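**Q** Quick one: sequence and predicted model below, then my questions.
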Amino acid sequence: MPKTRKGSSIELYNSHFAATLRELMEKHGTTQKELADAVGVRPQTLSLYTTGETQPNVDKLLKIAEYFNVTTDFLITGTILEDIPVREMLGLSERTVENMKLIKDGYFEDAPYMLSVLDRLLGDKDFYLALEQAATWYGRKQQIEAAGGDTESESEFCEWKAAKYMETYLLDFMRANMNIQ
């Protein structure tokens, strides 16, 4: 029999594991009986997990994680710890990661569509080449402006050229990946 945890009922109920488990069950429409059967515990034991009064042993925790296709660290903490190093490694801001999560979770009407387009775009080596060319032209524009003098038309040309690189790339990308004529 699992050990009963100490603490106020509210603290136990709001513990990371209990809250995450309830959230996953609700999201997937899973009943306590279904999950208890899959994990190999009595429904009463699973009920104690959801209220935070007890926590599963390692074997049961792994079974719960497998059932919901999440990691054990997510079950325990409510956050995906392995995403932090990836975000930092790629140099992505928290805002970018949060926006991508919003897309994935269906915040935007065409979310599944948008995520696959973003995936293809970010996976296309030519995107980075076009971005590099646009950045080079934009850098020239800034150099011209910093030098001063009568160079407004040169500055405007550089800005146009930068925009043209991105426009051309994006139109070609859309035609190739979205069946747009």
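**A** Arrived safely, thanks for sending. Numbers count the residues shown, from 1 in each chain.
**Q** Pull up the gap between the residue positioned nearest the centre of the chain and R95, please.
**A** If you average the C-alpha coordinates of the chain and look for the closest C-alpha using Cα atoms, centre = their mean, you land on K101, 3.8 Å from that point. Using Cβ to Cβ, to the nearest Å, one gets 11 Å for the distance from K101 to R95. Using the backbone N, CA and C atoms, a C-beta is placed for each residue, glycine as well.
**Q** Skip the chain neighbours and tell me the closest residue to G40.
**A** Nearest residue to G40 in three dimensions, chain neighbours excluded: K63, at 6.8 Å (Cβ to Cβ, 6 or more residues apart in numbering).
**Q** what does L62 give?
**A** Leaving aside its sequence neighbours, L62 sits nearest to T72 (Cβ to Cβ, 6+ apart; 6.4 Å).
**Q** ok, longest helix in this structure?
**A** In the chain, ranked by residue count with DSSP state H as the criterion, the top helix is helix 152-178.
**Q** Now do the helices in the chain.
**A** Listed in chain order (using DSSP H), the helices of the chain are 9-13, 16-28, 32-39, 43-51, 58-68, 72-77, 83-90, 94-104, 111-122, 125-147, 152-178.
**Q** Rebuild the ones you listed as CSV, extending it with mean pLDDT.
**A** Formatted as CSV, the entries for the helices of the chain read as follows, by pLDDT from 0 to 100:
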stretch, mean pLDDT
helix 9-13, 78
helix 16-28, 92
helix 32-39, 96
helix 43-51, 93
helix 58-68, 94
helix 72-77, 85
helix 83-90, 68
helix 94-104, 82
helix 111-122, 81
helix 125-147, 92
helix 152-178, 91
